[in-house]
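**Student:** quick one, fold the following:
(chains A and B)
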Protein chains: 2
Amino acid sequence: MRLGALGGAGVAYAAMGVLGVEAMAAASGTPPALPGDLGRGRSVVILGGGIAGLVVAYELERAGFAVTLLEGRSRLGGRNWTLRGGDKVEMEGEATQTVGFGEGLYLNAGPARIPSHHEGLLGYCRRLGVPLEVEINVSRSAYLWSEGGRPLQMRQGINDTRGHIAELLAKAVNRGALDADLTLEDREKLLPFLKAYGDLTDDYSFLGTERSGFEQVPGAADQFARARKPVPLKDLLANPQLRATLFEDNINMQATMFQPVGGMDRIVAGFERALRSPVMLNAEVTGITRKAEGVAVAWRDAGGASRLTEADFAVITIPLALLAKIPANFEAPVAAAVASVPNAFSNKIGFDAPRFWEKEQIYGGISWVGGDTSLIWYPSNDLHSERGMLLACYGSGPAAKAFAARPLSEQIAAARAAVGRVHPGQEANLAAPVVVNWSKVPFSMGPWPDWYGQAGQEGHMDSPAYRLLNQPHGPIHFAGAHLSQTPGWQEGAVLSAHRTIAALAAQVRAQDLVRPAA
Amino acid sequence: MRLGALGGAGVAYAAMGVLGVEAMAAASGTPPALPGDLGRGRSVVILGGGIAGLVVAYELERAGFAVTLLEGRSRLGGRNWTLRGGDKVEMEGEATQTVGFGEGLYLNAGPARIPSHHEGLLGYCRRLGVPLEVEINVSRSAYLWSEGGRPLQMRQGINDTRGHIAELLAKAVNRGALDADLTLEDREKLLPFLKAYGDLTDDYSFLGTERSGFEQVPGAADQFARARKPVPLKDLLANPQLRATLFEDNINMQATMFQPVGGMDRIVAGFERALRSPVMLNAEVTGITRKAEGVAVAWRDAGGASRLTEADFAVITIPLALLAKIPANFEAPVAAAVASVPNAFSNKIGFDAPRFWEKEQIYGGISWVGGDTSLIWYPSNDLHSERGMLLACYGSGPAAKAFAARPLSEQIAAARAAVGRVHPGQEANLAAPVVVNWSKVPFSMGPWPDWYGQAGQEGHMDSPAYRLLNQPHGPIHFAGAHLSQTPGWQEGAVLSAHRTIAALAAQVRAQDLVRPAA
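**Tutor:** Down below sits the predicted model:
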C-alpha cells in the first residue's frame, strides 16, 4: 500500500502484517488513505476535541466508523482558542476575566501562526475552506530592546551585525588566516561575496549601510538619503536580544507564515462544519475502562448526569498530566508513563490598543524585550485600522512558572511596562487586558508537556514513556501534539492523529484477518 | 513654519523669503500643510495624471487652487497600471495584446509593492481608504536557480551560507587572527554569538542546520526530524543567484511590504474618488508656452480637436524623454536639461497559472533565475485558490533593452522556459501570457529615466540637469519620481510632488507680498 505524494514529499507506508502495527517511514501532511467502509460496524470514542481529536474524528467518520467525540469544555479546539470581546476566561484560582476587546479584535490564546511547511494543518485549511492570510512574523522596523541601551531596530541589528561579521571575516581571509581552510579559488570568490554580504567598501571596511535604515530618507531634488551610522559590534553583542535577529530563520518561523482570517479557531469551525458524528461538549471524562473487547468511557454531561459510552476503540487526546488524574485500568507501565510527564508553563497577555506602532512603521512582526514578557507581537491583520490586539507577553519555560504565580494585576503591569519601555508613553493607551496562564486553564493545565526532563538524544522528543504511549494499548490509542516531535504546534497534533489513525486501521485489518466482517 | 511630524520622522521647513524658494531640509511623508485659501483666484494646469500629478492635484485643490489635470492616456495612474482580463496592452511596434487572465487575477505592470517606510504613499492609502494587504517579498521555500546545479532553496542558501561564514570567522578568532581588531571581551562575546548565528556545534563546526530545511520533517512518535546536509561553501559561492539571499535586506524590500488589495491601481481609484477638479483623459499635450504671466498649454482632445488651457502655474510630470518632443518655449538650459535624460528599459511578463508552486510550499516570494527574465515572482494574494498570476520576468537594466527588441513570442518562450527550469513540466501550464515592455508603452516609453549616465557622487541621483529641473522655471514646475532620489518608486513621485507643491506655495506667498490678494 502506498499513499499519494503531496507537495513533493513522498511517503512510504508498509504494512507489517499480523501484529497489526504499520510503520510509517516518514511523516507527511497527507492523511492515511482509508477505504470508506473500513470502519463499518465498528465504533470509536474520542476523548478530547482539540486538533488531534478533530482530525481523528474527521478521518475515521469518513472511513465508516461510528464516532463519538467527548469534549470537556463548552467549546471544541483545545489549545486552539480565540478570545473575542465578551468571551469569558476562566482560570483555576483566578477571578473570571471577561474579554473587553472591541469588535473585530481577537487574541489567539494558543497557537497563532502556521508555517508554510506544516502541510498537514494547511491541508485541512484547504479541504475545510478556511481562508488564510499572511502572519507577519518579522518586521524590520520592530525593535530589540536592551536595558540601558536605545531600542535597536531589527533592520539595524541584522544588517550592522552582518556588516561587522563580513568585515572581520574579510580581514582574516586577507591576512591568510584561513588559507588552510579555503583554496585560492574559494577565497577569490568569497571576498567579493563578503563585500556584498556586509555592504562593505572596496577595501572591505564596514562603514554602515542603508540596509540598516536612514538617518534621512531619500526625497526629491537634493534631499539625499543618508544611512544611519553603524552600531559598533561591541554594542550589538551587548544587546541580549541580538539573537532574536535569527528568529526568522527558525524553521518553524520562516516566511511565509499564515494565520486564518478572523482567528485561529476558524480551523475548528471548519472541522465543526464538516463533522457529522455526535459531539458531546461539557463532557467530563470520569473513568476509562479497557474491557475484554473494546472500551467503556464514563463521563459526566453538562447537567451533571453520569453517562457511559462504549466503543470498539478509544483515542485519547487528553493532556497526560490531566489523564493521570482520571481513574483508568491501564496496565501499570502505561499508567506510570502517563503519570511521568508534567506540564510546562506559558503565558500570554493581550491588550486592545490604538495602532501607535504603525506610526513607527511597524506593521506586524515582533519586538523583543526579554524578561518575563519576552516580546511585543503586533497584529498582522486589518492594517491601517484604528485599533488592534497587541500581544504584550508571550513567555514560556521555567520563568513562566514564577510569572504565572504572580497576581494577574502584576502580570498586566509588567506587560504594560515592557510596552512603555519600547514605546514610551504608550503604556497608558493599552486597554482591556486579558491574561492567559495556560497552567491554570481547565482541561489543559499547561501549554504542552515538559518532555525536556526526559529528552532523548539530538534534541528529539524521546523517552521510554514517550515510546510506550505512542503504541496502542489494546483498543486504546493515545494521540496529540504531546506525542509528536512538535508538542507546541498544531502540526504535531495533525501528524500524531494521522499516525494513530494508521495504527488503528492496522488493528482493524488484523482483526478482519482473524474475524472477517459479515 | 513647521510641518507636523509623522511616524517619528521630523521635518524642518524654513521659508527662504524673497525669491520664493523654500528649502525642505528633509523629506518626510507628510504633505506640506497649506491654508485652504492659499490658491484662491489662482489656477494650475497639471500635465500628466500619474501618482505625482494626482498628488499635486489632490493637494492643490484642497489649498483652493483651480486645478485642471491633463492626461494623455485613457486612464489615470501612469506607470501605476494594473492589467486584468479583457484589458488591452498597446505597445509601439507591436500588435495589441488582449489580457486573457481569468477573473480575479491581475498583473501590476508597473509598481507592485510598497515598503513600510514609504510614508508618503502609505499616508495617501490611509487617507483615501485604500485597503492594503501584505506583499510577500520573501519565501524561504523559493529557489535560487543556477545553470547545471540543483535549484537551491532560499532557506538553505541563507542558512548554509551563514553557517559557513560563522564557522570560518570562529576559526579565525580562535586562531588569534583578529586579536588586533577585537578585545578579549569582544572575542568572548562574539564566539557564543557566532555559534548561535551559524547554528554551529560546541566546537564551532558547521555540520548543517534545521534552518536550512528538513530531509525528513518531524512527525509523531519516532518520526524524528532530520536536517538537510549542508551545501559546501564552494557550491554556494558558485551559485550566481546567491546574492539574492540579500534581497530581503535591500532597504526598499524589507518586511513588512504591502500591496493594495485588488491591484496597485486601487490607489489611483482612491485619488479619482477624492478629486473634484476637471480631469481630461486622452488629452495629448502639443505645446507648452510660458507667457509674461502664467502658462498656456495646447492639447488635443479625445475627438482630435485642438484645445488650449491657460493657467497661472503649470506642473509638468511628463517623462522627460517624451517632454523633449513637445514644442515648448523653455529657456535653452531648461530645454537642454529636459533633452539630456534618456529612458531606461524594463520588462514584465505575466501568466495565468494553476498554483503549482503552493504544492512546493511556496506562498508568494520570489525565485531567482538570472538571465533576461531574472525572477519568478509568486502571487501574495488569494492563497490556496485555484489559479494565480505568475510573474515570470521582471528584468531591467542594459540587458532589458536587447530583450525588449526580441519578438514577443520569443520573450514569452524565454519566460516560460525559465519557469520550466525551476518547476520542471510546469511551463506547459502557463496560460494567457502578457508582455509589458515599458520602452514601448505610449506616454511612458520607459520605466524611469536613465539618470545613471550622469549620476552624482555616492550613488545619489544628481547632475546639473537634475538640479535645474528641480527648480521652478518661472510659473512652470517639474515633478515626478524621475526628479526624486527614487525614480523607480511611487514614493519618489509623492515626495517630488510634495516638494513641488511647497515650491509653488512659496511662489504664491512671494507674489502676495508684492501684490496682495483683494
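
**Student:** residue A:79 contacts residue A:48, correct?
**Tutor:** No: at 10.7 Å, residue A:79 does not count as touching residue A:48 under the criterion of C-beta atoms under 8 Å. All C-beta atoms are positioned from the backbone trio N, CA, C, and that covers glycine.

**Student:** how close does the nearest residue to residue A:282 once chain neighbours are set aside get to residue A:445?
**Tutor:** Nearest residue to residue A:282, sequence neighbours excluded (C-beta to C-beta, 6 or more residues apart in numbering or on different chains): residue A:302, at 3.7 Å. Distance, residue A:302 to residue A:445, using C-beta to C-beta, to the nearest Å: 21 Å.

**Student:** show me which of the two is the more surrounded one.
**Tutor:** More crowded of residue A:302 and residue A:445, by other C-beta atoms under 10 Å in any protein chain shown: residue A:445, with 17 against 11.

**Student:** report the secondary structure state of the more buried one.
**Tutor:** coil (DSSP: H, G, I helix; E, B strand; the rest coil).

**Student:** swap in residue A:61?
**Tutor:** Residue A:61 ends up helix, using three-state DSSP.

**Student:** burial check on it, number of neighbours?
**Tutor:** Residue A:61 has 18 nearby residues by other C-beta under 10 Å.

**Student:** for it, list the residues it contacts.
**Tutor:** A:67, A:275, A:276, A:277 (C-beta atoms under 8 Å, 6 or more residues apart in numbering or on different chains).

**Student:** related to what we said a few turns ago, distance of the residue nearest to residue A:282 relative to residue A:83?
**Tutor:** Using C-beta to C-beta, we find residue A:302 at a distance of 22 Å from residue A:83.

**Student:** residues from the stretch 401-518 of chain A in reach of chain B?
**Tutor:** A:458, A:460, A:462, A:466-467, A:470, A:479, A:483-486, A:492, A:495-496, A:498-500 (C-beta under 8 Å from any C-beta of the partner chain).

**Student:** residue contacts, residue A:365?
**Tutor:** Contacts of residue A:365 by C-beta under 8 Å, 6+ apart are A:136, A:137, A:138, A:139, A:140, A:141, A:142, A:154, A:377, A:378, B:255, B:256.

**Student:** just give the closest residue to it, not the sequence neighbours.
**Tutor:** Nearest to residue A:365 is residue A:139, by C-beta to C-beta, 6+ apart, at 2.6 Å.

**Student:** pull up the per-residue confidence for the one you found.
**Tutor:** Among the per-residue scores, residue A:139 shows a pLDDT of 98.

**Student:** list the contacts for it?
**Tutor:** Contacts of residue A:139 by C-beta under 8 Å, 6+ apart are A:154, A:362, A:363, A:364, A:365, A:366, A:378, B:116, B:255, B:256.

**Student:** filter the residues of the stretch 401-518 of chain A next to chain B down to the ones in helices?
**Tutor:** Using DSSP state H, A:466, A:467, A:492, A:495, A:496, A:498, A:499, A:500 are the members of those that sit in helices.

**Student:** from residue A:323, how far out is the last one?
**Tutor:** The one in question is residue A:500. For residue A:500 relative to residue A:323 (C-beta to C-beta), the value is 15 Å.

**Student:** what number of residues lie near the spatially closest residue to residue A:71 that is not a sequence neighbour?
**Tutor:** If the residues on either side of it in the chain are set aside, residue A:71 comes closest to residue A:49, at 3.5 Å by C-beta to C-beta, 6+ apart. Look at residue A:49: counted by other C-beta under 10 Å, it has 30 neighbours.

**Student:** these two touch, right, residue A:49 and residue A:279?
**Tutor:** Yes: counting by C-beta under 8 Å, residue A:49 does reach residue A:279; the two are 6.6 Å apart.

**Student:** next, show the common contact partners of the two.
**Tutor:** A:57, A:69, A:71, A:76.

**Student:** report the contact partners of the last one.
**Tutor:** Meaning residue A:76. Here residue A:76 is in contact with A:49, A:50, A:54, A:268, A:271, A:272, A:279, A:281 (criterion: C-beta under 8 Å, 6+ apart).

**Student:** also the second one?
**Tutor:** Contacts for residue A:69 (C-beta under 8 Å, 6+ apart) come out as A:45, A:46, A:49, A:53, A:54, A:57, A:275, A:277, A:278, A:279, A:280.
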